[in-house]
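Engineer: Quick one, what's the 3D model for this:
(chains A and B)
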Number of protein chains: 2
Amino acid sequence: MNQNPHVAVVGATGAVGVEMIRTLERRGFPTSRLTLLASARSVGRQLTYRGEPVAVAELTADAFAGIDIALFSAGGGISKEIAPAAVKAGCVVVDNSSAFRMDPTVPLVVPEINAADIAQHQGIIANPNCTTAITLMALHPLHAAFGCRRIFASTYQAVSGTGAKAIEELRQQVQQIAAGQPVTRSVYPHQIAFNVLPHVDSFLPTGYTKEEMKLENEGRKIMHHPAFRASVTCVRVPVYRAHSVAVSAEFEQPVSVEAALEVLGRAPGLDIVDDPANAAYPLPLAQAEKDNCAVGRVRLDCALDNGLCFWVSGDQLLKGAALNAVQIAEALLKLA
Amino acid sequence: MNQNPHVAVVGATGAVGVEMIRTLERRGFPTSRLTLLASARSVGRQLTYRGEPVAVAELTADAFAGIDIALFSAGGGISKEIAPAAVKAGCVVVDNSSAFRMDPTVPLVVPEINAADIAQHQGIIANPNCTTAITLMALHPLHAAFGCRRIFASTYQAVSGTGAKAIEELRQQVQQIAAGQPVTRSVYPHQIAFNVLPHVDSFLPTGYTKEEMKLENEGRKIMHHPAFRASVTCVRVPVYRAHSVAVSAEFEQPVSVEAALEVLGRAPGLDIVDDPANAAYPLPLAQAEKDNCAVGRVRLDCALDNGLCFWVSGDQLLKGAALNAVQIAEALLKLA
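Structural biologist: Model (predicted):
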């Protein structure tokens, strides 16, 4: 891999795309050039990279000549349509959509957990679901130490996970309510302001949403743990940024809070915020725009014999998306 | 019991007290007289009952002569101090605080579940914790049919559960943010607007909050099920009114979604809202000011062999507090 790669951000004007650009900048990623691609209606918009304006170009299948690494975040349909052409042009694709995550020929990577899988790539590396990445940042170290059998998890997911329009919808609904006006909506099926919606992504015939199955399916692949079971309820909450997850986890080995905190304290990319006496625990508001995820409320599970409860929060635009993608790109540079 | 009792509402000016008055009115409770009691600073305030003004009188230990039933919602400290005097004066106390709930001489009652326990009272009947009452409205019918072993639950609790000041704090923080002003707080230890706090009630040495243990402890007593286990994470969310709970429940008997819906469909005080294809599931915004709780998202649990997941929402000022208390008072009238 070119050590000063020409990088493309696909979906550059979206909520995740903008964070990808900022993350490349912030981490001093050694781009020789940055190309910004988006749909036709964003063409001509200028974004800033390292203090210089960069015009947004149109995303087409033949836009990838000379590009070494493309970070895709433009939805699964576009990834499926365009990523193969990018690979054919010699580009390595880091894809933030769900399009290729469960494809056995595509590594699905959280670098702190399974960076070694990147070496197996055949042109595409998948970035996991945001809630999955954030949950596994705390769960995987515990799994490595104690052997996780299964989890029961409920999520508290921010509107930014849906995208820029959802952020605007929440903001607008709050204004409408303050002004005594009727509440309008176009992104979510119900008012999100001062409400919670047990509905993230579309429903499957089983009654689960697709989002709810990702933690089990992607968790199995990322942790190399095909027997992992996860019972998940995904809920959208009126938070602008950063997801939180309440987890009950059952382990093969006996566990203690002390041993768990010791393991979590050594985990990369994870901060422990766990001092209940001083009202210190992870908060989505505190994790917004932070690279690290935070774990706290660690305690023995009341309903499991070898069980722990914990609460994890993380910025789903960063560790749940842009940061993880850039970390994969960083790991790509280190491959021979 | 006098069939046209003289009723007192203790803590009449609080969020729950106001709902108690409205609930007595709305359900046509046959009061011969209503006395409103509150702390000295509320004395002189006038509230309306059946179109007539009623002045708030001062709550003292000797205020209960001639009162048949007193609905207390003024905090555990006041219940402990004053309720025994009220009982001595011949009054039956229905107490909404946690003060007497686990006292073995005090029935703890959700009328749809264990109304018969009321007959054992010795002057005080306890109203359960709001989250417990709402969760059990869906869980108990399933337990009766399939035998519940344990649950894993995460809550999404509205600010009205904290009281009128918390409602105002959320409203004010939203305004401050809209105006670009600094956010102030006095009720919660962190900003609640556009945030979620995994902290309801105070912390125990185990790392659980008191609130989190109520579902197990009160659930055992209400369901007459001493082996019931509950692993709970309680979370405050920026919703004004109505709590929601995501539950994974394990049963002794095999379960199916069809059988569960059949059981839930026959449960009193509970509506099924479960049509994912049409984005129909319980929402706190929809349950606000409704007597019935709502259950939905019923599905087989991915991580349990005889397990069900469900989502329940209910107005914690009504079924979680005022309505349940008035229902207990109604049941008292039916005692011989």
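
Engineer: so where do the strands sit in chain A?
Structural biologist: A:6-10, A:33-38, A:46-49, A:52-58, A:69-72, A:92-95, A:124-126, A:148-156, A:229-233, A:243-251, A:270-272, A:293-300, A:307-314 (DSSP state E).

Engineer: mind putting those in CSV, distance to chain B included?
Structural biologist: Every residue, glycine included, has its C-beta placed from N, CA and C. As requested, the strands of chain A are exported to CSV (distance: least, C-beta to the nearest C-beta, whole Å):
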stretch, distance to chain B
strand A:6-10, 27
strand A:33-38, 28
strand A:46-49, 24
strand A:52-58, 28
strand A:69-72, 28
strand A:92-95, 26
strand A:124-126, 22
strand A:148-156, 3
strand A:229-233, 4
strand A:243-251, 4
strand A:270-272, 13
strand A:293-300, 3
strand A:307-314, 5
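
Engineer: JSON lines please, covering those and showing mean pLDDT and mean neighbour count.
Structural biologist: Formatted as JSON lines, those follow (pLDDT from 0 to 100; neighbours: other C-beta atoms under 10 Å in any protein chain shown):
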{"stretch": "strand A:6-10", "mean pLDDT": "98", "mean neighbour count": "27"}
{"stretch": "strand A:33-38", "mean pLDDT": "98", "mean neighbour count": "22"}
{"stretch": "strand A:46-49", "mean pLDDT": "96", "mean neighbour count": "15"}
{"stretch": "strand A:52-58", "mean pLDDT": "97", "mean neighbour count": "14"}
{"stretch": "strand A:69-72", "mean pLDDT": "98", "mean neighbour count": "28"}
{"stretch": "strand A:92-95", "mean pLDDT": "98", "mean neighbour count": "26"}
{"stretch": "strand A:124-126", "mean pLDDT": "98", "mean neighbour count": "25"}
{"stretch": "strand A:148-156", "mean pLDDT": "98", "mean neighbour count": "26"}
{"stretch": "strand A:229-233", "mean pLDDT": "98", "mean neighbour count": "25"}
{"stretch": "strand A:243-251", "mean pLDDT": "98", "mean neighbour count": "27"}
{"stretch": "strand A:270-272", "mean pLDDT": "98", "mean neighbour count": "20"}
{"stretch": "strand A:293-300", "mean pLDDT": "98", "mean neighbour count": "25"}
{"stretch": "strand A:307-314", "mean pLDDT": "98", "mean neighbour count": "28"}
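
Engineer: B:Phe203 is nearest to which of those?
Structural biologist: Minimum separation from B:Phe203 across the strands of chain A (C-beta to C-beta) falls at strand A:293-300, 9.4 Å.

Engineer: which sections of chain A are below the confidence cut-off?
Structural biologist: A:336 (pLDDT under 70).

Engineer: how does it divide up, domain by domain?
Structural biologist: Chain A is divided into the following domains under automatic domain parsing: A:6-127+A:321-334, A:132-316.

Engineer: before we move on, back to that, now distance to A:Thr162 too, for the strands of chain A, in TSV please.
Structural biologist: Below are these laid out as TSV (distance: least, C-beta to C-beta, whole Å):
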stretch	distance to A:Thr162
strand A:6-10	19
strand A:33-38	18
strand A:46-49	21
strand A:52-58	22
strand A:69-72	18
strand A:92-95	19
strand A:124-126	20
strand A:148-156	13
strand A:229-233	17
strand A:243-251	11
strand A:270-272	25
strand A:293-300	20
strand A:307-314	17
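
Engineer: For A:Gln176, give its distance to B:Glu262.
Structural biologist: Relative to B:Glu262, A:Gln176 is positioned 41 Å away (C-beta to C-beta, to the nearest Å).

Engineer: A:Cys309 too?
Structural biologist: From A:Cys309 to B:Glu262 the distance is 32 Å (C-beta to C-beta).

Engineer: Please identify which of the domains of chain A is closest to B:Gln157.
Structural biologist: Nearest to B:Gln157, of all those, is domain A:132-316, at 10.1 Å by C-beta to C-beta.

Engineer: Ends of that closest one, what's the gap?
Structural biologist: Using C-alpha to C-alpha, to the nearest Å, the end-to-end distance of domain A:132-316 comes to 10 Å.
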